[in-house]
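Student: Sharing a model that was predicted from the sequence below.
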Amino acid sequence: MTVPVDDPDVIARILANTDALLLDFDGPICSVFAGFPAPVVARQLAEILTEAGHVLPPDVAAATDPFDLLHYTATLGGKEAELLNAAFRAHEVEAIHSAEPTPGAHALIKAWKGTHRNLAIVSNNSRTAVETYLDLYDLHQYVDYIAARTAANVSMLKPNPHLVSQAVDALGAQPARSTLVGDSTTDIEAANAAQIVAVGYANKAGKVEQLMEAKAAAITTEIQILLVSLHVV
Ligand SMILES: [Mg+2]
């Protein structure tokens with residue numbers, strides 16, 4: 001089966017059948033680590049663990065994705081996991097100030113609310129980071145619900161459907177009439193597991209194939225296409 005890419009008609013049909021729009025944060029809304037590169041964050045998190053006396057496996061010590069360190073630390077148990085999550089959260093909040101908004105994202109968020117339908121952000125990033133971003137750009141009023149990382153749910157991040165289902169339930173939507181837009185295979189997997197519609201946002205070379213393989217219902221390479229498909233530009 002071929003997955004439609006950048007097809008405004010397909011996207012328009014999906015959006016017409018959507019009551020609850022769920023947006024992943026890092027990617028569809030902004031590039032969180034545009035000005036504070038994720039590998040720098042990963043290195044600083046590795047340092048915290050090393051200074052606390054942990055000998056990291058080579059692949060963890062060399063990780064460039066902070067989430068790799070977060071998941072590793074979860075295996076070390078309560079105190080360390082809490083410490084690392086807090087440190088990561090602080091770095092994420094700092095990164096928000098140099099995060100780069102995705103072209104069309106803020107307009108889409110506002111236009112969606114203009115159609116009197118619900119919108120949620122579903123993110124593996126910390127809730128505090130997402131809220132900091134919404135404060136910074138004065139977007140809180142357009143977002144009905146935030147399902148994001150807290151100290152309590154680190155083990156249930158996407159690809160686990162937990163956050164997706166949490167948002168769908170909170171918005172009182174039917175899964176079949178809910179759509180998640182995400183830029184990672186883990187977004188598509190979480191959406192499919194939660195039995196909602198998955199739209200892939202392929203914002204980098206090679207992602208079209210990855211998102212297709214993860215079984216996205218449709219793929220867009222620009223958030224603008226969703227906006228066009230709402231017929232508001
Ligand atoms: Mg993302």
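Tutor: Everything's here; your move.
Student: Show me what counts as buried in stretch 119-135.
Tutor: 119-134 (16 or more other Cβ atoms under 10 Å). All C-beta atoms are positioned from the backbone trio N, CA, C, and that covers glycine.
Student: right, I mislabeled it, should have said stretch 93-103
Tutor: By 16+ other Cβ under 10 Å, the buried positions in stretch 93-103 come out as Val93, Ala95, Ile96, Ala99, Pro101, Thr102.
Student: Looking at those, which is nearest Thr50?
Tutor: Within the buried residues of stretch 93-103, the smallest distance to Thr50 is 21.7 Å, found for Ala95 (Cβ to Cβ).
Student: Which elements pack onto the helix or strand containing that closest one?
Tutor: Secondary structure assigned from DSSP states H and E places Ala95 in helix 78-96. In this structure, helix 78-96 makes packing contacts with helix 38-51, helix 66-74, strand 118-126, helix 127-136, judged by 3 or more Cβ pairs under 8 Å, 6 or more residues apart in numbering; DSSP states H and E.
Student: Show me what from the protein comes close to the ion.
Tutor: Asp24, Asp26, Gly27, Asp183, Ser184 (Cβ under 5 Å from the ion).
Student: can you redo these as a markdown table with neighbour count, pLDDT and secondary structure?
Tutor: Output for those, formatted as a markdown table (neighbours: other Cβ atoms under 10 Å; pLDDT from 0 to 100; DSSP: H, G, I helix; E, B strand; the rest coil):
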| residue | neighbour count | pLDDT | secondary structure |
| --- | --- | --- | --- |
| Asp24 | 26 | 98 | coil |
| Asp26 | 23 | 98 | strand |
| Gly27 | 23 | 98 | coil |
| Asp183 | 23 | 98 | coil |
| Ser184 | 20 | 98 | coil |
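Student: No further questions, thank you.
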